[in-house]
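Trainee: sequence first, then the predicted structure:
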Amino acid sequence: MEGIKLKQIGVSFKGSGSYVPDQILTNQKISKKVDTSDEWIKSRTGISERRISSPGDNVTEMGYEAALTAIQMANWDIKTIDLIVLATSTPHDLFGSAPSIQSKLGACNAVAFDLTAACSGFLFGLVTASQFLRGGSFKRAIVIGADQLSSFVDWNDRRSCILFGDGAGALAIEATNEFDNFLGFDMRTDGGRGSFLNLPSKNNKDSIIDNIDFLSGGFSSIQMNGQEVYKFAVREVPIIIDELLKKTNYSSHEVDWLVLHQANQRILDSVGERLKIPGEKILSNLEKYGNTSAATIPLMMDEAIRNNRIKQNDIIATSGFGAGLSWGAALIKWG
Ligand code: UT7
């Protein structure tokens, strides 16, 4: 309507946090369990070790620690948080773990819910939360990515067990009228290729009474076609980032950091090569943590922010990809 100019609400990045369990499982130790070697794992994936939750740890505890450190960096009064989104595929409670995190934090004014999109979960959660901020409904949000895949790995399957570890990361984001540091995003799903990586339910038929049967709850272990997932990632991730850069009028030279889901160092290198982004701009901590699913992106960002690598106003291209199959990308300016 003429005469009325609505002010655009933008998103600002205020804090980051992360948490990993203490137990370290090295490649040498895995090679005592399955027929593999440090040399094979290191050369094919870049991973040297990963963190494994102790029986006392869980996604709620890890997510809480990551969220708390992000809130401390943002310097927020916890009661001012409006929204908590927990991206996880391995909740401590199938009805949702975000409410327990909300309660433990004392974030009594926040609505909290889980979101499941496997390794794309954090990216999808960040986009979801940012839409609530842009829409004007909420001002402050915490987005957490946390996973405990060690509980669902088949520790006798050398083709998959070497990849995964446990951890959590979080970002604190805020609505602002002054600028917009969420420069753009894109998200995709192809359920037709979902069988390449899944964690299906167990179909244990049981009976309640007489002829009334039911399927008892439970899940099997991670099933993965590694080669197909690899091909999917190296093809789709450069395309979605490239299209996002074009859409937002940025060139790959203007990207300060490429923060990809930490799946395999060879995937990171290949995506960087295709986008013509040099190795020194591609952040990686795979060596220490392996693939922590929804946690990889905020875990990596938090480390780089605290090491003073990612600085205020740096341009970050990020992409999550994995089971679903699902993938997405976001272009953000830190701060
Ligand atoms: O969030 C997404 C999660 N998933 C992924 O990121 C998976 C993406 N894919 C990958 O990272 C790679 O495909 C893997 C690391 C999983 C496997 O690497 P690869 O280079 O694709 O190996 P491959 O599956 O082609 O297997 C090559 C050989 C096979 O032996 P043969 O048949 O050639 O004799 C495998 O049996 O390596 C063997 N192999 C192993 N050997 C030692 C497979 N796993 C192992 C192992 N140790 N752990």
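Mentor: Right, received. Where do you want to start?
Trainee: how about the residues of the stretch 51-200 of the chain by the ligand?
Mentor: 119, 158, 159, 162, 163, 197 (CB under 6 Å from any ligand atom). Where you see a C-beta, it was placed from the backbone N, CA and C, and this is true even at glycine.
Trainee: could you dump those residues to JSON lines with neighbour count and secondary structure?
Mentor: Shown next, in JSON lines, are those (neighbours: other CB atoms under 10 Å; DSSP: H, G, I helix; E, B strand; the rest coil):
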{"residue": "119", "neighbour count": "32", "secondary structure": "helix"}
{"residue": "158", "neighbour count": "16", "secondary structure": "coil"}
{"residue": "159", "neighbour count": "13", "secondary structure": "coil"}
{"residue": "162", "neighbour count": "24", "secondary structure": "coil"}
{"residue": "163", "neighbour count": "23", "secondary structure": "coil"}
{"residue": "197", "neighbour count": "21", "secondary structure": "strand"}
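Trainee: those into TSV, with extra columns for distance to residue 25?
Mentor: Putting those into TSV (distance: CB to CB, whole Å) gives the following:
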residue	distance to residue 25
119	20
158	14
159	17
162	10
163	12
197	21
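Trainee: okay, domains of this protein per the record?
Mentor: 10-179, 183-194+221-333 (automatic domain parsing).
Trainee: and those: which comes nearest residue 212?
Mentor: domain 10-179 (22.6 Å; CB to CB).
Trainee: and the closest one, how far from the chain's centre?
Mentor: 6 Å (CA atoms, centre = their mean, to the nearest Å).
Trainee: compute the first-to-last residue distance for that domain.
Mentor: Terminal residues of domain 10-179 are spaced 6 Å apart (CA to CA, to the nearest Å).
Trainee: quick check: mean pLDDT of that domain?
Mentor: On average, the pLDDT along domain 10-179 is 97.
Trainee: before we move on, the earlier item: mind giving me CSV with the domains of the chain and columns for distance to residue 201?
Mentor: Formatted as CSV, the domains of the chain follow (distance: least, CB to CB, whole Å):
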stretch, distance to residue 201
domain 10-179, 11
domain 183-194+221-333, 12
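Trainee: beyond the helix or strand harbouring residue 39, next helix or strand please.
Mentor: Element membership for residue 39 (DSSP states H and E) is helix 38-45. Using DSSP H and E, the helix or strand that directly follows helix 38-45 along the chain is strand 49-52.
Trainee: partner strands of that following strand, with direction?
Mentor: strand 23-26 (antiparallel) (DSSP bridges).
Trainee: would you put the C-alpha positions of the strand it pairs with in CSV?
Mentor: Provided in CSV are the C-alpha atoms of strand 23-26 (Å, rounded to 0.1, in the frame of the first residue of the first chain):
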residue,chain,number,x,y,z
GLN,A,23,35.5,-40.7,25.7
ILE,A,24,37.8,-40.9,22.7
LEU,A,25,37.6,-43.8,20.3
THR,A,26,40.8,-43.8,18.1
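Trainee: can you point out the buried residues in it?
Mentor: Across strand 23-26, burial judged by 16 or more other CB atoms under 10 Å covers residue 25.
Trainee: does that strand reach the ligand?
Mentor: No - applying CB under 6 Å from any ligand atom, one finds strand 23-26 separated from the ligand by no less than 13.5 Å.
Trainee: neighbouring contacts of that strand?
Mentor: 38, 48, 49, 50, 51, 52, 53, 54, 165 (CB atoms under 8 Å, 6 or more residues apart in numbering).
Trainee: right, and residue 292 touches residue 285 too?
Mentor: No - with contacts counted by CB atoms under 8 Å, residue 292 stays clear of residue 285, the gap being 9.6 Å.
Trainee: more neighbours: the two, which one.
Mentor: residue 292 (33 against 19; other CB atoms under 10 Å).
Trainee: and the gap between the residue nearest to residue 163 when sequence neighbours are not counted and the ligand?
Mentor: Distances taken as CB to CB, 6 or more residues apart in numbering place residue 291 nearest to residue 163, at 4.9 Å, with adjacent residues excluded. As judged by CB to the nearest ligand atom, to the nearest Å, residue 291 and the ligand stand 5 Å apart.
Trainee: residue 291 is in contact with residue 260, isn't it?
Mentor: No - in this structure, residue 291 is not within contact of residue 260 by CB under 8 Å, at 11.2 Å.
Trainee: would you point out the most distant pair within the contacts of strand 23-26?
Mentor: 38 and 54 (23.5 Å).
Trainee: looking at those two, which one has more neighbours?
Mentor: When neighbours are counted by other CB under 10 Å, residue 38 and residue 54 differ, and residue 38 comes out ahead with 16 against 11.
Trainee: ok, now which ones touch that one?
Mentor: By CB under 8 Å, 6+ apart, the neighbours of residue 38 are 26, 27, 28, 31, 48.
Trainee: which element is the third one on?
Mentor: Residue 28 is located in helix 27-33, with elements delineated by DSSP H and E.
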